[in-house]
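> Pasting the sequence and the predicted model now:
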Amino acid sequence: ADTVKLMVSGQKVDYDEETTIDFAGFTDEEDSEEEEQHEDEEMDEDWTNKELVLEKYDLKSFSEDFMRQVIDFVDQAGPGSKHGRSWKAIHHRFRTIPNRHYIPHFRKYLEHHGTKRQKTQNLDELLYKKLIDAREKSLAVHDLDIQRWGLRIA
């Protein structure tokens with residue numbers, strides 16, 4: 001009521017608005033064990049198991065060994081088969097492969113001894129080992145040395 005009277009009288013009114021976000025049941029204190037158990041029950045079970053996440057949400061890069069297993073399985077067709085195994089059989093055995101178009105890519109990667117990413121990861125690992133060996137021997141290592149090692153390894 002006082003605010004309305006001030007506005008009608010024409011006096012200058014300073015108005016400050018404070019907006020906050022209220023979290024239901026949020027406290028700064030430690031959560032009780034009962035609340036933690038309840039929160040754990042509400043969590044998506046798929047995201048708690050890392051292997052399931054990698055498989056289900058296709059967050060996994062296929063290793064060279066895995067690609068080799070898939071191609072070997074595809075090529076081991078029965079005596080009456082002309083075209084290799086069916087997609088249904090392949091997908092049943094290797095559920096992480098989303099579709100049949102991955103198979104020719106796997107063949108190409110195996111011909112070239114892995115994907116570009118796998119090759120760079122191997123190069124990084126070898127360079128890192130070489131760098132650690134040099135540092136353990138108290139040798140000075142410069143950028144040009146690392147570049148030269150990388151070119152030799154590649």
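Received, thanks. Numbers count the residues shown, from 1 in each chain.
> For the longest helix seen in the chain, the averaged confidence score.
Ranked by residue count, the top helix of the chain under DSSP state H comes out as helix 116-136. Per-region confidence: helix 116-136 scores 88 on mean pLDDT.
> just checking, what packs against it?
When contacts are defined as 3 or more C-beta pairs under 8 Å, 6 or more residues apart in numbering; DSSP states H and E, helix 116-136 packs onto helix 143-153. C-beta here means a position set from N, CA and C on the backbone, and glycine is covered the same way.
> tell me the angle of the longest helix of the chain relative to helix 143-153?
With axes from the mean of the first three to the mean of the last three C-alpha atoms, to 10 degrees defining the directions, helix 116-136 sits at 130 degrees from helix 143-153.
> could I have helix 116-136 exported to PDB, CA atoms only?
Provided in PDB are the C-alpha atoms of helix 116-136 (Å, rounded to 0.1, in the frame of the first residue of the first chain):
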ATOM      1  CA  LYS A 116      45.300 -41.300 -39.500                       C
ATOM      2  CA  ARG A 117      44.300 -40.800 -35.800                       C
ATOM      3  CA  GLN A 118      45.800 -44.100 -34.800                       C
ATOM      4  CA  LYS A 119      49.000 -43.400 -36.700                       C
ATOM      5  CA  THR A 120      49.400 -40.000 -35.000                       C
ATOM      6  CA  GLN A 121      48.700 -41.500 -31.600                       C
ATOM      7  CA  ASN A 122      51.400 -44.100 -32.200                       C
ATOM      8  CA  LEU A 123      53.800 -41.400 -33.300                       C
ATOM      9  CA  ASP A 124      53.000 -39.300 -30.200                       C
ATOM     10  CA  GLU A 125      53.700 -42.300 -27.900                       C
ATOM     11  CA  LEU A 126      57.000 -43.100 -29.600                       C
ATOM     12  CA  LEU A 127      58.100 -39.400 -29.500                       C
ATOM     13  CA  TYR A 128      57.100 -39.100 -25.900                       C
ATOM     14  CA  LYS A 129      59.100 -42.200 -24.900                       C
ATOM     15  CA  LYS A 130      62.100 -40.800 -26.800                       C
ATOM     16  CA  LEU A 131      61.700 -37.500 -25.100                       C
ATOM     17  CA  ILE A 132      61.600 -39.100 -21.600                       C
ATOM     18  CA  ASP A 133      64.700 -41.200 -22.400                       C
ATOM     19  CA  ALA A 134      66.600 -38.000 -23.400                       C
ATOM     20  CA  ARG A 135      65.500 -36.100 -20.300                       C
ATOM     21  CA  GLU A 136      66.500 -39.000 -18.000                       C
END
